[in-house]
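In: here are the coordinates; sequence isn't available:
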């Protein structure tokens, strides 16, 4: 069975803002999002982004008591119906819930490192610089960690 990638809105929005949305398609072929995530994105989506809804709306409603609608819908779809898939999620609270459910997760920075490891980009640093020009939070510590993981950290 083909692995399906499900993303929350923040990653799609971030990659679109920095002109790197195509990396998701290059890494995975296609991704699946929910209608709630599509609404949060608020723009036309490329044809490699598929939209699917969780069948179990009760589980989604329970998750919405603690998470926003997009995250709740993605976790509900992944946890019950696509358990062998990968969830792309940057929100700390959402990541905690997903981890407790035993889901496989990554975030925008993990995808950027994967893009470098796959040869899709040469360097991570220019992408991090683009991210700093958005409203996405990137602390100096996280930036250094990502650069180290990408093999681009400054020498001591």
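Out: Received the coordinates, thanks. Computed from a predicted model, the values in this text were never measured in an experiment.
In: Which parts of the protein are strands?
Out: Using DSSP state E, the strands of the chain run over 5-7, 31-33, 49-51, 86-88, 104-106.
In: mean pLDDT for these: which is lowest?
Out: When the strands of the chain are ranked by mean pLDDT, strand 5-7 comes last with a mean of 79.
In: Would you indicate which residues of that strand are buried?
Out: By 16 or more other CB atoms under 10 Å, the buried positions in strand 5-7 come out as 5-7. Glycine gets a C-beta too; all of them are placed from N, C-alpha and C.
In: and what of stretch 63-72?
Out: Those would be 63-64, 67-72, for stretch 63-72 by 16+ other CB under 10 Å.
In: Which one of those is nearest to residue 19?
Out: residue 70 (22.3 Å; CB to CB).
In: wait, the closest one sits on residue 9?
Out: Yes: counting by CB atoms under 8 Å, residue 9 is a contact partner of residue 70 at 4.9 Å.
In: who touches both of these two?
Out: The contact sets of residue 70 and residue 9 overlap at 37, 40 (CB atoms under 8 Å, 6 or more residues apart in numbering).
In: Can you tell me the number of residues neighbouring residue 19?
Out: For residue 19, the neighbour count with other CB atoms under 10 Å is 10.
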